[in-house]
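Asker: Structure, please.
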Amino acid sequence: MKVTEHIEKANGKPLFSFEILPPLKGQNIQSIYDSIDPLMEFNPPFIDVTYHREEYEFKELPNGLLQKKIVKKRPGTVGICAGIQNKYNVDAIPHILCGGFTKEDTENLLIDLDFLGINNVVALRGDAVKSEIYFKPEKEGHAFASELVSQINDLNNGIYLDADLQNSSKTDFCIGVAGYPEKHMEAPSLDSDIHFLKQKIKNGADYIITQMFFDNQKFFDFVAKCRAAGITVPIIPGLKPIATKKQLNLIPHRFSLELPDDLIMAVVKAKDNEAVKQIGIEWCIQQSTELVAAGIPVLHYYSMGKADNIKAIASKIF
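Answerer: Numbers count the residues shown, from 1 in each chain. Sure thing, here's the model as predicted:
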């Protein structure tokens, strides 16, 4: 079932969903199941699975020269999605990136997903590889998520890269895209960011899922701006409970967002990370409670492979 259909079928009842990371190469899928099992009691209709693009490593050779090596540390997104749908009978949603993919690669990936019965995707530009400052698309790839959305929408209309294909089948993907309540880190302003978000919707996106935020007012203001701009698709808030003191600096730097002063001071005063974890849980419960009261259709949690704090939150909300 499509994400939009899950929302319609819920008839206003808030839905619980979450996002997981593929395991590091060398680990098996059981580690994924172990992080999902404790959360299944809350009946998630869908689970997102991130995609992690290649990284570059440099290995020193015996002659002293450096050899550039391409590695993928967290492969397996498509296989994990197939495993989740088979084991839990819920929809699994793979993230699809512009980075690291040509248009041909993207089309072949989408065909695989279609054959597996995976009909929800999240279309993202993706970040630059760690060795580069700015994002660089593949030579025959997409530079922007809006272009990726267009390609997926083309397949939904039976339009493939090979214009000579005869009697081509249409896919039926429900397309999610990212929204940024505090704007994308590369955007000059929130209004300009929403302008380009609207383009993704025009190109065929069906719903928006937001980057994490810790101040609900920023989400409410973002939704209001989107609606004023003519964006009518569902907007799903992304939530993450803070868990360590280190995240006070890491999260704002990595995601270009602000933490509320009350949350900051509570974490600073906490005696250890166990206390921080409880503070993060309680803060996220407060956020979730307010969002449910506001009639938000789905709450989406970034679990990062950790189920215990998400379970503590969900047990109070769902």
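Asker: which ones are touching the closest residue in space to residue 191 that isn't next to it in sequence?
Answerer: The spatial neighbour of residue 191 that comes closest, neighbours along the chain excluded (C-beta to C-beta, 6 or more residues apart in numbering), is residue 225 at 7.3 Å. The way it works is simple: take the backbone N, C-alpha and C, and place the C-beta from them, glycine included. Listed by C-beta atoms under 8 Å, 6 or more residues apart in numbering, the contact set of residue 225 reads 190-191, 194.
Asker: tell me the SS of residue 225?
Answerer: helix (DSSP: H, G, I helix; E, B strand; the rest coil).
Asker: Residue 152 contacts residue 173, correct?
Answerer: Yes: with contact defined as C-beta atoms under 8 Å, residue 152 reaches residue 173; the gap is 5.4 Å.
Asker: Residues that sit against both of the two, list them.
Answerer: What both residue 152 and residue 173 touch, as defined by C-beta under 8 Å, 6+ apart, is the set 110, 121.
Asker: Tell me how many other residues surround the nearest residue to residue 180 once chain neighbours are set aside.
Answerer: Excluding the flanking residues, the one nearest residue 180 by C-beta to C-beta, 6+ apart is residue 211, at 5.0 Å. Residue 211 has 20 neighbours, counted by other C-beta atoms under 10 Å.
Asker: Residue 211 touches residue 251, doesn't it?
Answerer: No: using C-beta under 8 Å, residue 211 is not in contact with residue 251; the gap is 10.6 Å.
Asker: which residues do the two both contact?
Answerer: Shared contacts of residue 211 and residue 251 (C-beta under 8 Å, 6+ apart): residue 257.
Asker: and the contacts of residue 225, which are buried?
Answerer: 190, 194 (16 or more other C-beta atoms under 10 Å).
Asker: Name the nearest of the contacts of residue 225 relative to residue 115.
Answerer: Of all the contacts of residue 225, residue 115 sits closest to residue 194, with 35.5 Å by C-beta to C-beta.
Asker: so which strand or helix has that closest one?
Answerer: Using DSSP states H and E, residue 194 falls within helix 190-202.
Asker: list the buried ones in stretch 220-233?
Answerer: Buried residues in stretch 220-233, counted by 16+ other C-beta under 10 Å: 220, 222-223, 225-226, 231, 233.
Asker: same deal with stretch 37-55?
Answerer: If you call a residue buried by 16+ other C-beta under 10 Å, then stretch 37-55 has these buried ones: 39, 42, 44-53.
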